[in-house]
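Undergrad: Quick one: sequence and predicted model below, then my questions.
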Amino acid sequence: MELSTFLIILIFAVIFISIGFMIPETKYKIAYYMILMLLFLSVLNIYLSVVYYIQLRNDPGIPGPQGSKGVKGAKGAPGKCSFTEKCGINNARQIILDTANSMYNIPQSCLDKPNLTTCKDQDTLDEAMPINAQVNMLEKIAYSTTMSQKDFENKLKVCLQDSNQCMDPTDF
């Protein structure tokens with residue numbers, strides 16, 4: 001109990017006891033003090049109930065035993081990695097660049113970062129620009145795919161030959 005609460009209770013007690021001294025008849029004085037005692041017990045009970053409710057409402061208590069296992073839920077949506085520890089193909093950009101290099105005979109440096117210094121001439125640069133865009137899209141797909149590396153490489157050749165078949169990552 002805080003000091004301010006104690007002082008308020010003490011002030012009320014002094015007031016009620018002072019009133020009791022003003023009652024001249026003994027029977028009435030005993031009845032007054034009994035009623036005062038019942039009032040004090042009721043108010044104390046309400047006060048302690050409120051204080052302990054506020055104190056205990058956020059207390060988590062002691063954890064109980066684990067309950068029984070529930071019914072197995074519905075199967076989730078596809079798209080999660082299931083057989084490997086992490087999604088995607090390791091070293092995906094290099095695999096894509098190797099495949100594109102073998103298909104188009106354009107240097108890997110030109111396919112990776114197409115500009116005049118890496119591609120040597122404008123014709124090679126013009127040919128490498130759309131392939132670079134396709135490589136970038138395929139790399140994003142490779143890091144989130146659940147395919148095996150062999151299946152990815154087979155699909156990769158199809159996508160690099162005809163980019164219309166793999167325009168959207170959901171088609172992959």
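TA: Good, I have the coordinates.
Undergrad: can you list the residues that contact the worst-scoring helix or strand of the chain on mean pLDDT?
TA: Lowest by mean pLDDT, DSSP states H and E among the helices and strands of the chain is helix 149-161, with a mean of 78. The set of residues that contact helix 149-161 without belonging to it, under C-beta atoms under 8 Å, 6 or more residues apart in numbering, is 89-90, 92, 95-96, 99-100, 103, 131, 134, 138, 142, 145, 147, 165-166, 172. No exception for glycine: its C-beta is placed from N, CA and C like everyone else's.
Undergrad: ok, of the residues you listed, which come out buried?
TA: 89, 92, 95-96, 99-100, 131, 134, 138, 142, 145, 147, 166, 172 (16 or more other C-beta atoms under 10 Å).
Undergrad: What is the nearest of those to residue 17?
TA: The nearest member of the buried ones among the contacts of helix 149-161 to residue 17, counting by C-beta to C-beta, is residue 145 at 85.0 Å.
Undergrad: three-state assignment of residue 70?
TA: Secondary structure state of residue 70, per DSSP: H, G, I helix; E, B strand; the rest coil, is coil.
Undergrad: what's the domain layout of this structure?
TA: Residue ranges for each domain of the chain read 3-55, 92-171, as given by automatic domain parsing.
Undergrad: highest average neighbour count across the ones you listed?
TA: Ranked by mean neighbour count under mean count of other C-beta atoms under 10 Å, the domains of the chain are led by domain 92-171, which reaches a mean of 16.
Undergrad: what angle sits between the host helix or strand of residue 102 and helix 149-161?
TA: With elements delineated by DSSP states H and E, residue 102 resides in helix 92-104, which encompasses its position. With axes from the mean of the first three to the mean of the last three C-alpha atoms, to 10 degrees applied, the angle from helix 92-104 to helix 149-161 works out at 50 degrees.
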